[in-house]
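In: Sequence and predicted structure are below.
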Amino acid sequence: MHSTSRRALCTGIVPVLATLTVPAFATASQPDAHLIALCRDHAKAYRLLAETDDWPGAAYGSLEHLESEARAGALYARQQELLERIGDQPAHTPAGIAAKAETAKLYLRPLLEDFQPSPDGPEMQIVFQILDDVIAFNKGTLS
């Protein structure tokens, strides 16, 4: 039974995570290609995680419930990993800044409504990074 649970988990989450791929390098024509791909993958993971609210309920503690929780946990971990990677990537173009802003807009309202986010968390770090990118792109017009 233990191996069945692992098998079920792998067949359920591995195909989902496999759809979240990121190209390795930016191109000369689009220096923010990697950043934009990360943002797209985050949006996909975010939507998949939001869909977990619609998954049919299983009896608490049942194998189906545990597998569902494991799939949602893996999606959440992937979403958080992507946020950290996005926050580590400075934007170099308006398209990169827009991709970061769209990423933040996707999660920011629910985050602020439902939680007390830490300024050091990846969700808020992206907001600060967007501001840094906009300031750098405009060469700090206030200073």
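Out: Cool, got the structure. Numbers count the residues shown, from 1 in each chain.
In: Just the buried residues of the longest helix belonging to the chain, please?
Out: Criterion DSSP state H: the longest helix present in the chain is helix 63-87. Of all the residues in helix 63-87, those buried under the rule 16 or more other CB atoms under 10 Å are 67-68, 70-72, 74-75, 78-79, 81-83, 85-87. C-beta: built from backbone N, CA, C; applies to glycine.
In: before we move on, what about stretch 32-48?
Out: Per 16+ other CB under 10 Å, stretch 32-48 contains these buried residues: 32-46, 48.
In: just the helices in this structure please.
Out: 2-18, 33-51, 63-87, 94-114, 122-137.
In: So which elements touch the longest helix of the chain?
Out: With contacts taken as 3 or more CB pairs under 8 Å, 6 or more residues apart in numbering; DSSP states H and E, helix 63-87 sits against helix 2-18, helix 33-51, helix 94-114, helix 122-137.
In: Please name whichever of those is nearest to residue 63.
Out: Nearest to residue 63, of all the helices and strands packed on helix 63-87, is helix 2-18, at 6.0 Å by CB to CB.
In: average pLDDT for that closest one?
Out: Helix 2-18 shows a mean pLDDT of 41.
In: Could you do stretch 95-108 as well?
Out: Here the average pLDDT along stretch 95-108 is 89.
In: which residues touch the residue nearest to residue 85 when sequence neighbours are not counted?
Out: Of all residues not flanking residue 85 in the chain, residue 38 sits nearest, at 5.4 Å (CB to CB, 6 or more residues apart in numbering). Shown in contact with residue 38 (CB atoms under 8 Å, 6 or more residues apart in numbering): 22, 82, 85, 86, 89.
In: distance of residue 38 from residue 99?
Out: 8 Å (CB to CB, to the nearest Å).
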